[in-house]
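Asker: Any chance you can model this:
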Amino acid sequence: MKSQYIESSSFTIKTFLQATIPSYVFPAIMSWGSGWLMKNEVLKQSSFISIALPSLIATIITYMLLWRMETKQKKVKNKSVKVCMMLGVTFGLALAIIFIFNWQKFMFDILFSTILGTTITAWRLPLKQIEKYEY
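Answerer: The predicted model follows:
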């Protein structure tokens, strides 16, 4: 009989949802709430697209990169180095998208949300040694 292996990883559907849902919902609620309190319609309208969406996209990209690093067993010991690596990738992608689509008027919102989504995700998710269980 062949032996089969089950790999244990910290990257599951549950952790994906725990990372992505708050990365969209909380920036949207906070910026919309600020716009409501200040009676700023532009802030309320941009809260769901130019503020919350870049945070969600950055979180998804960071999650996928960290998952890939774990499967390839590329461990980064220092969290600060890991965060800086992820920030370099997502910040560069955000700048490229801003200039490709000519969204310079949303540059601050997009870059700030990208930085927050990336930093929180990269700081929270651990890279661990993949354990293989035989059964």
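Asker: Using the three-state scheme, assign the closest residue to I51 other than its chain neighbours.
Answerer: In space, and not counting its chain neighbours, I51 is closest to S31: 4.6 Å by Cβ to Cβ, 6 or more residues apart in numbering. C-beta coordinates here come from the backbone N, C-alpha and C atoms, glycine included. Three-state call for S31 (DSSP: H, G, I helix; E, B strand; the rest coil): helix.
Asker: so S31 makes contact with I49?
Answerer: No - taking contacts as Cβ atoms under 8 Å, S31 lies outside contact range of I49: 10.5 Å.
Asker: More neighbours: these two, which one.
Answerer: S31 (21 against 13; other Cβ atoms under 10 Å).
Asker: so what's the residue nearest the centre of the chain scoring on pLDDT?
Answerer: Nearest to the geometric centre of the chain sits T59, at 1.2 Å (Cα atoms, centre = their mean). pLDDT for T59: 96.
Asker: residue ranges of the strands in this protein, please?
Answerer: Remark: strands assigned in the chain by DSSP state E are 5-8, 131-134.
Asker: per-stretch mean pLDDT over those, give me the minimum one.
Answerer: Among the strands of the chain, strand 5-8 scores lowest, with a mean of 58.
Asker: Any stretches of the protein with poor pLDDT?
Answerer: Of all residues in the chain, those with pLDDT under 70 make up the ranges 1-8, 130-135.
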